[in-house]
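Novice: sequence-free structure coming up:
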């Protein structure tokens, strides 16, 4: 069982890398944006870029790439075909999740490398803590992704609904416009969007905060993961 | 049929999807090394019947035993000796042929060597081809190879030759005949009556969820299709009146006549043809076929999709 799970996950990683759109949006676009802002913006602003762009990768992978992939597997009867083998379709989804987690971390590491070697920007905080924050955020968003990916019959609808969830967060949660620039009335609402807490947690740890200073964000992200898994287990369509 | 050779036994199987009845009180037995065909119009319940046997769908009533195993309660056990090919080829677009076989081989306790299967199914030259780049016939051969990876005793194949060209279809038929020789039991659905009569030992005709006939193809033809079709091409108009008065005429276009006959009518027509040989150009007799029997049993009306799951 372990052997087939590892094999499937490895195939998933290869399939991801063969999908030009997925590679572009999850790995290349954040780097391009970094280069773009790197040429345009002042250096002190660039320092804020990495946490914001990590937020963007996390949200793209969680709300669009994973749901579309899952919906495609359902639409093309791939989940059904696996349920006709000894491998449970849960394993298929788990492999998908591990793949997306690995790809998010890869995107993050690429960003760090570009920041370090392109613009001589280094992390003030602990790099291991940053990785931990990235994993926690990714798991929260992938679990949200299983809700989106489980609701609609076709990949097309899933993609549109994923974008409907993605774009407001992209603009409101500090990934494109800095959180400080967002006015007071909206501020109280964006507390309800999980991406806000991803960006807050990442910036905090980026600038050297300890985990203790971010108990609130950690609890919210853990809560989001738990609740979303429970919801998606109830609402997931297998066919 | 000997009791000992029975591998599949279905009794009083029923299944509905809301108001739509997919299967009604279906009972049948299938013997070891038999190729068993399930035919019927769209929405007749063919796929549902297969899916119930595969343990992918839960029937409302009735029992199923596959080599003594209950597909619903002993699913894990069933998976090890049953091979399945779904109606749609279900693999990711960019997975390569060898990756798919290698993955499926890892899913089972015992499995065949993927290399050997690739050779046997003529896929060795395409080991590195992505699934979406394969031709229809290659895709289907890969799907059969995947369903055979754990050397199952029983194979369920849902519309496996739909959309294939005659060469690819005949190749797959040969493969299935080989599998039968190896003692494997095959249950298949098809829309092609030629395929059903060429390949199947016995055929169940399903309509509105019920088995309306179940027999060997030749028996079905003998029992339900008695009409011979005779097509005559005349060299001139000299026998026009005689032919127009002949019972059984269904079509007359200039020098072309089409007749439908039972045994006696055919004998009279043959007499006429042989006596006036010089006046006839081409003439052909088409014996009754399974398609005639099928249409006689299920009617000519076009069916709406009865059940969503049985496209």
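Specialist: The structure has been received and is ready for your questions. Quick caveat, the model's predicted, so the values are computed rather than measured.
Novice: near chain B, which residues of chain A?
Specialist: By the rule CB under 8 Å from any CB of the partner chain, the part of chain A lying against chain B is A:3-4, A:7-8, A:11, A:14-15, A:18-19, A:72-73, A:76-78, A:80-81, A:83-87. Quick note: C-beta positions are derived from backbone N, CA and C, even for glycine.
Novice: give me that answer again for 7 Å
Specialist: A:3-4, A:7-8, A:11, A:15, A:18-19, A:76-78, A:80-81, A:83-87 (CB under 7 Å from any CB of the partner chain).
Novice: now the host helix or strand of residue B:156: mean pLDDT?
Specialist: Secondary structure from DSSP states H and E places residue B:156 in strand B:154-158. In this model, strand B:154-158 carries a mean pLDDT of 95.
Novice: please apply the same query to stretch A:166-184.
Specialist: The pLDDT scores in stretch A:166-184 average 86.
Novice: what's next to it, contact-wise?
Specialist: With contact meaning CB atoms under 7 Å, 6 or more residues apart in numbering or on different chains, stretch A:166-184 is reached by A:48, A:52, A:55-56, A:59, A:63-64, A:186, A:190, A:193, A:195-196, A:199.
Novice: separation between the residue of the stretch 1-150 of chain B found nearest chain A and residue B:229?
Specialist: Nearest to chain A in the stretch 1-150 of chain B, going by CB to the nearest CB, is residue B:90, at a distance of 3.7 Å. The gap separating residue B:90 from residue B:229 is 41 Å, by CB to CB, to the nearest Å.
Novice: try residue A:194
Specialist: 71 Å.
Novice: between the two, tell me which one has more neighbours.
Specialist: Higher neighbour count among residue A:194 and residue B:229: residue A:194, with 22 against 19, using other CB atoms under 10 Å in any protein chain shown.
Novice: contacts only, for the residue lying closest to the more buried one once chain neighbours are set aside.
Specialist: Nearest non-adjacent residue to residue A:194, counting by CB to CB, 6 or more residues apart in numbering or on different chains: residue A:224, 4.9 Å away. With contact taken as CB under 7 Å, 6+ apart, residue A:224 is in contact with A:140, A:144, A:194.
Novice: if we go to 8 Å?
Specialist: Contact analysis of residue A:224 by CB atoms under 8 Å, 6 or more residues apart in numbering or on different chains lists A:140, A:143, A:144, A:194.
Novice: show me what contacts the closest residue to chain A within the stretch 151-300 of chain B?
Specialist: Here the residue of the stretch 151-300 of chain B nearest chain A is residue B:156; by CB to the nearest CB that distance is 8.8 Å. Taking CB under 8 Å, 6+ apart as the criterion, residue B:156 is in contact with B:50, B:53, B:54, B:82, B:83, B:84, B:85, B:147, B:187, B:188.
Novice: near chain A, which residues of the stretch 101-250 of chain B are found?
Specialist: Residues of the stretch 101-250 of chain B lying near chain A (CB under 8 Å from any CB): B:102, B:103, B:104, B:106, B:107, B:108, B:109, B:130.
Novice: least confident pick among the residues you listed?
Specialist: For pLDDT, the smallest value among these belongs to residue B:109: 88.
Novice: list the contacts for that residue?
Specialist: Contacts of residue B:109 by CB under 8 Å, 6+ apart are A:86, B:80, B:150.
Novice: cool, residue B:161 as well?
Specialist: With CB under 8 Å, 6+ apart, residue B:161 has these contacts: B:140, B:168, B:169, B:172, B:173, B:190, B:192, B:195.
Novice: which one of the residues you listed sits closest to residue B:233?
Specialist: Comparing those against residue B:233 with CB to CB picks out residue B:192 as the nearest, at 28.8 Å.
Novice: any idea of the pLDDT on the nearest residue to that closest one once chain neighbours are set aside?
Specialist: Once flanking residues are discounted, residue B:192 sits nearest to residue B:161: 6.6 Å by CB to CB, 6+ apart. Looking at residue B:161, its pLDDT is 86.
Novice: swap in residue B:239?
Specialist: In this model, residue B:239 carries a pLDDT of 82.
Novice: next, count neighbours for it.
Specialist: Neighbour tally, residue B:239, other CB under 10 Å: 18.
Novice: next: residue A:30.
Specialist: 24.
Novice: follow-up on the earlier one: and the host helix or strand of the residue nearest to residue A:194, what's its mean pLDDT?
Specialist: Using DSSP H and E, residue A:224 maps to helix A:215-235. For helix A:215-235, mean pLDDT rounds to 95.
Novice: list the buried residues in that helix.
Specialist: Judged by neighbour count using 16 or more other CB atoms under 10 Å in any protein chain shown, the buried positions of helix A:215-235 are A:217, A:218, A:220, A:221, A:224, A:225, A:228, A:229, A:232.
Novice: between those residues, which is closest to chain B?
Specialist: The closest of the buried residues of helix A:215-235, once distances to chain B are taken by CB to the nearest CB, is residue A:232, at 21.3 Å.
Novice: ok, that closest one - contacts?
Specialist: A:143, A:146, A:147, A:149, A:150.
Novice: can you give me the neighbour number for the last one?
Specialist: When neighbours are defined as other CB under 10 Å, residue A:150 has 21 of them.
Novice: next: the fourth one.
Specialist: Counted with other CB under 10 Å, the neighbours of residue A:149 add up to 31.
Novice: and it, how far is that from chain B?
Specialist: Distance, residue A:149 to chain B, using CB to the nearest CB, to the nearest Å: 15 Å.
Novice: quick check: that residue touching residue A:64?
Specialist: No: assessed by CB atoms under 8 Å, residue A:149 is found out of contact with residue A:64, at 9.9 Å.
Novice: returning to what we had before: in CSV: the contacts of residue B:156, plus secondary structure and neighbour count.
Specialist: Shown next, in CSV, are the contacts of residue B:156 (DSSP: H, G, I helix; E, B strand; the rest coil; neighbours: other CB atoms under 10 Å in any protein chain shown):
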residue, secondary structure, neighbour count
B:50, helix, 24
B:53, helix, 25
B:54, helix, 24
B:82, strand, 25
B:83, strand, 25
B:84, strand, 26
B:85, strand, 25
B:147, helix, 22
B:187, strand, 26
B:188, strand, 24
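Novice: of all the helices and strands in chain A, which has the lowest average confidence?
Specialist: helix A:184-190 (a mean of 85; mean pLDDT, DSSP states H and E).
Novice: just after that one, pick out the following helix or strand.
Specialist: That would be, after helix A:184-190 and using DSSP H and E, helix A:194-206.
Novice: one step back: which pair of the residues of the stretch 101-250 of chain B next to chain A spans the longest distance?
Specialist: B:109 and B:130 (28.8 Å).
Novice: thinking again about what came up before, neighbour-wise, which of the contacts of residue B:109 leads?
Specialist: Ranked by neighbours (other CB under 10 Å), the contacts of residue B:109 are led by residue B:150, which has 21 neighbours.
Novice: in contact with residue B:79, which residues?
Specialist: A:84, A:85, A:86, B:55, B:108.
Novice: greatest separation within the residues you listed: which pair is it?
Specialist: So, those by CB to CB: farthest apart are B:55 and B:108, at 15.7 Å.
Novice: name the residue most distant from the centre of chain B?
Specialist: Distance from the C-alpha centroid of chain B peaks at residue B:238, with 45.5 Å (CA atoms, centre = their mean).
Novice: secondary structure class for that one?
Specialist: Put simply, residue B:238 is coil when judged by DSSP: H, G, I helix; E, B strand; the rest coil.
Novice: from what I see, it and residue B:278 are in contact.
Specialist: No: checked against CB under 8 Å, the pair residue B:238 and residue B:278 is beyond contact range at 10.2 Å.
Novice: hang on, the earlier thing: ok and the helix holding residue A:224 relative to helix A:194-206, angle-wise?
Specialist: Helix A:215-235 and helix A:194-206 are oriented at 140 degrees to each other (axes from the mean of the first three to the mean of the last three CA atoms, to 10 degrees).
Novice: returning to that earlier point: buried only: go through the contacts of stretch A:166-184 for me.
Specialist: In these, the ones that pass as buried (16+ other CB under 10 Å) are A:48, A:52, A:55, A:56, A:59, A:63, A:64, A:190, A:193, A:195, A:196, A:199.
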